[in-house]
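Novice: Show me the folded form of this:
(chains A and B)
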Amino acid sequence: MGNRCAVIGVGQTHYTTKRGDVSIAGLVREAALRALADAGLSFKDIDAVVIGKAPDLFEGVMMPEAYLADALGAAGKPMMRVHTAGSVGGSTALVGASLIQGGVHERVLVVAFEKQSESNATWALSTHLPFNASLVVGAGGYFAPHIREYMRKSGAPGHIGTLVAVKDRLNALKNPYAHLKIPGIDQKMVESTPMLWEPIRYLETCPSSDGACAMVLASESAVTGTPAWVHGTAMRSEPIFRAGRDTVSPQAGKDCAADVYRQAGITDPRRQIDVAEVYVPFSWYEPMWLENLGFAAEGEGWKLTESGATALDGDIPWNASGGVLSSNPIGASGLIRFAEAALQVRGMAGEHQVEGARTALGHAYGGGAQFFAMWIVGRERL
Amino acid sequence: MPSDPLVAQHVLEFPGGYTRTTGPVIGRFLSELRARRIVGVRTAEGRVLVPPLEYDPATGEPVTGEYVEVGPAGTVTASAWVDEPLDGHPLDRPFAWALIELDGADTALVHAVDAGNPKALAPGARVWPVWSDRPTGHITDLAHFVPEVTRITSGVRVEYRLQAGGALRVFLEGIARGVFLGSRCDQCEKVYVPLRRSCPECGGAIQETREISDTGTITTFAINNLPDPRAPEVPFVSAYILLDGADIPMIALIGGVPAHEVRQGMRVRAVWVPESERTASMANIRWFAPTGEPDVELS
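Specialist: Okay, here's the model as predicted:
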């Protein structure tokens, strides 16, 4: 895995439907300056900047990294852009970490963002090419059939999705940065919302958010403040059009988890990981990823959700921050998972802190569940 | 309308209009306006009055004679919406009268704001002046104010010329004839439809082309409640269909059955548009409809 790497600063904007008061540059600076302040550093202490975001079609700014470089203090420094669809935030953190682990740099600023209010992601994800008659409408239209297949294969009862929708939104009430704040949310409220892409209801989907997240990563000798140590990093991808592909529990996700667990010395994720921030944009993806990530046996993930194990007071809290279901600036969503995992082991998650968290998983996926990025961070050096 | 002989119009208008002698302070203000600047005057206590007066209205003391350029932008402190403008109003469309505290001023100026709608002008809103084309030294040299620019529209547009080449061309020529063409990887023994010339599993070249049945099994599906121009109605079902003899499902619309009667494992057949309407496009398949055969048991 190379040299040790630590997260020494985390910065987030408040996530909201529309940040009408800042430009894209202003938005990313807000997160970056907060991350630098957390680390007690300034732009001059940074060696390189890695920027991530989802498709350029979301804001219609082609190669935004070219104009954001100056805004992030990257003048005269190495700067690069990462793009792996919805998993990009996670991949951005991992590219940044690899620059430290490889001994190339001492301190790297990683930033990811999305300003969804500048257009409409469903439009941008439904660019119907000539000759084709694809009927996939947005991300929900793509993922709904795979959720249905999970429900059939696992025999999960229909209310499991609503449990996750409620649990993550209750967690969001404890996170000052979360977008959706729905006091009094309960199963009945979720069930009363319309089916958008059956079996996905309105309140079982993520919101559209504006926001940015940033982290300062450092080598062991360049650590300032409170570090979260990186114990393992892994990325995997797989072709979306492959005969026999398991679209419910993709092989790339299993392989990515196996790799990151091996590096971190984890053989029993349910017991050894204290808190997980996992990319769950549709409520049913919690039980699906519980199985894909080895927290439960195949077909058993929904039982873990139903038992309350993944709640903030459960034995393996998932998405204590409220997760993607509560805040979704797409390009940043993966980085937020990674950053929240770091905040937990640094003991800096505030009201949604999982007491005594020493080991945390950050996870992101993207495309047609074909790109995966994960890291394990810990309170101690590995 | 019947006229009442005891009702008459009566207009009093001094020929040529009254004059107003401005005095030195208002005169300076209007002269500055003519030069497209807005000034206030400083009081003995240090406050800046806009528009300026010869005296401090709070104390009655003379002002200092120090003129201060303010604005040109300002902040709305209060406003009243005018739904139906009258003759003589500065705008001929709905607008707001607003108290505007120009930057650097300590008092608010009353002026019109072309805000579009009343919600755009909450207290605290920032506004900028629009100047008249030919300033004459009158308050109307400031034609009106408009909200600060906070968002622009960017007409980004890209235009591509897509050419179906290689495998896609062969596949679409098949579709034009009402046939699904697929291909089998020799290494992996998997049959792909639409046909491809390289295998996504092993990367090997695929030479073969074969016809695939237009019947298949629904493996899974979504019931879409969001309207889409390509679907005949809402809700519509988009389904993964594993064509008989293929190893990878394709996505298509399901028709001929109510959305909530569609099942995983249901047998379906492509419904082709009449030959006279066919083109080299997937639009040739109207949808897949149930064949009526028993459902397939899915693994």
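Novice: Near chain B, which residues of the stretch 1-150 of chain A? Just list them.
Specialist: A:20-21, A:60, A:128-138, A:140-141, A:144-146, A:148-149 (Cβ under 8 Å from any Cβ of the partner chain). Glycine gets a C-beta too; all of them are placed from N, C-alpha and C.
Novice: that's a helix at A:Ala339, yeah?
Specialist: Yes - the assignment for A:Ala339 by DSSP: H, G, I helix; E, B strand; the rest coil puts it in a helix.
Novice: Grab the nearest non-local neighbour of A:Gly356.
Specialist: Take A:Gly356 and drop its neighbours on the chain: the residue closest to it by Cβ to Cβ, 6 or more residues apart in numbering or on different chains is A:Asp274, 7.0 Å away.
Novice: Now do the contacts for the one you found.
Specialist: Remark: with contacts taken as Cβ atoms under 8 Å, 6 or more residues apart in numbering or on different chains, A:Asp274 is in contact with A:Ile316, A:Pro317, A:Gln344, A:Val345, A:Val354, A:Gly356, A:Ala357, A:Arg358, A:Thr359, A:Ala360.
Novice: how near is it to chain B?
Specialist: Distance, A:Asp274 to chain B, by Cβ to the nearest Cβ, to the nearest Å: 35 Å.
Novice: wait, doesn't B:Arg36 sit right on B:Pro135?
Specialist: Yes - with contact taken as Cβ atoms under 8 Å, B:Arg36 and B:Pro135 are classed as touching, separated by 6.4 Å.
Novice: Next, count neighbours for the residue in the stretch 1-150 of chain B positioned nearest to chain A.
Specialist: With distances taken as Cβ to the nearest Cβ, the stretch 1-150 of chain B approaches chain A most closely at B:Thr150, which sits 5.9 Å away. Neighbour count of B:Thr150, defined by other Cβ atoms under 10 Å in any protein chain shown: 10.
Novice: Assign the residue nearest the centre of chain A to helix, strand or coil.
Specialist: Nearest to the mean C-alpha position of chain A, counting by Cα atoms, centre = their mean, stands A:Gly334 at 2.5 Å. Following three-state DSSP, A:Gly334 is assigned to helix.
Novice: Kindly state the pLDDT recorded for it?
Specialist: Per-residue confidence for A:Gly334 comes out at a pLDDT of 98.
Novice: What sits closest to B:Ala35 if chain neighbours are left out?
Specialist: The spatial neighbour of B:Ala35 that comes closest, neighbours along the chain excluded (Cβ to Cβ, 6+ apart), is B:Pro135 at 7.5 Å.
Novice: where's the one you found, which helix or strand?
Specialist: Using DSSP states H and E, B:Pro135 is not contained in any helix or strand.
Novice: Could you count how many residues lie near it?
Specialist: By other Cβ under 10 Å, 16 other residues sit near B:Pro135.
Novice: how about it, what does it touch?
Specialist: Residues near B:Pro135 by Cβ under 8 Å, 6+ apart: B:Leu33, B:Arg34, B:Ala35, B:Arg36, B:Asp141.
Novice: And for A:Gly244?
Specialist: With Cβ under 8 Å, 6+ apart, A:Gly244 has these contacts: B:Lys190, B:Asp247, B:Ile248.
Novice: Quick check: it vs A:Pro183, distance?
Specialist: The spacing between A:Gly244 and A:Pro183, counted by Cβ to Cβ, to the nearest Å, is 46 Å.
Novice: what's the answer for B:Glu275, then?
Specialist: B:Glu275 sits 60 Å away from A:Pro183, taking Cβ to Cβ as the criterion.
Novice: Repeat that for B:Arg278.
Specialist: For B:Arg278, the distance to A:Pro183 equals 56 Å [Cβ to Cβ].
Novice: ok, the two, which is more surrounded?
Specialist: Per other Cβ under 10 Å, whichever of B:Arg278 and A:Pro183 has more neighbours is B:Arg278, with 16 against 7.
Novice: hang on, the more buried one packs against B:Asn284?
Specialist: Yes - with contact taken as Cβ under 8 Å, B:Arg278 and B:Asn284 are classed as touching, separated by 4.9 Å.
Novice: what do those two both touch?
Specialist: Between them, B:Arg278 and B:Asn284 share the contacting residues B:Ala176, B:Gly178, B:Trp272, judged by Cβ under 8 Å, 6+ apart.
Novice: and B:Met266, how many neighbours?
Specialist: Burial of B:Met266, expressed as a neighbour count using other Cβ under 10 Å, amounts to 24.
Novice: cool, and B:Thr19?
Specialist: 7.
Novice: now it: how far from B:Leu33?
Specialist: Distance, B:Thr19 to B:Leu33, using Cβ to Cβ: 18 Å.
Novice: Check what pLDDT residue 151 gets.
Specialist: Chain wasn't specified; assuming chain A. The per-residue pLDDT reported for A:Met151 equals 98.
Novice: I was after chain B.
Specialist: According to the prediction, B:Arg151 has pLDDT 89.
Novice: State the phi and psi torsions of it.
Specialist: For B:Arg151, the backbone dihedrals are phi -160, psi 140 (criterion: degrees, to the nearest 10).
Novice: my guess is it meets A:Gly20, correct?
Specialist: Yes - the pair B:Arg151 / A:Gly20 is scored as a contact, 6.8 Å apart, by Cβ under 8 Å.
Novice: show me where the stretch 1-150 of chain B has strands.
Specialist: If DSSP state E, counting those that start in this stretch is used as the criterion, the strands of the stretch 1-150 of chain B fall at B:38-42, B:48-49, B:67-70, B:74-82, B:95-102, B:109-113, B:126-131, B:142-147.
Novice: can you list the residues of the stretch 51-200 of chain B near chain A?
Specialist: Among all residues of the stretch 51-200 of chain B, those adjacent to chain A (criterion: Cβ under 8 Å from any Cβ) are B:150-151, B:154, B:156, B:162, B:164, B:168, B:172, B:188, B:190-192, B:200.
Novice: Those, buried ones only, as a PyMOL selection?
Specialist: Only the buried entries of these go into this PyMOL selection, using 16 or more other Cβ atoms under 10 Å in any protein chain shown:
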select buried, chain B and resi 164+168+172+188+190+191+192+200
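Novice: any idea how far stretch A:343-357 is from the chain center?
Specialist: Stretch A:343-357 sits 17 Å away from the centroid of its parent chain (Cα atoms, centre = their mean, to the nearest Å).
Novice: for it, how far is the first residue from the last?
Specialist: Distances were taken as Cα to Cα, to the nearest Å; on that basis the terminal residues of stretch A:343-357 are 10 Å apart.
Novice: what is the mean pLDDT for it?
Specialist: Averaged across stretch A:343-357, pLDDT comes to 98.
Novice: How about stretch A:213-227?
Specialist: Stretch A:213-227 comes out at a mean pLDDT of 97.
Novice: Okay, buried residues for it please.
Specialist: Of the residues in stretch A:213-227, those buried under the neighbour-count criterion (16+ other Cβ under 10 Å) are A:213-219, A:222-227.
Novice: which one of those sits closest to chain B?
Specialist: Proximity of the buried residues of stretch A:213-227 to chain B, judged by Cβ to the nearest Cβ, is greatest for A:Cys213, which lies at 23.3 Å.
Novice: list the contacts for that closest one?
Specialist: Contact criterion Cβ under 8 Å, 6+ apart gives A:10-13, A:31, A:89, A:111-113, A:329, A:332, A:335-336, A:339 as the residues in contact with A:Cys213.
Novice: where are the low-confidence patches of chain A?
Specialist: Across chain A, the ranges flagged by pLDDT under 70 are A:1, A:133-136.
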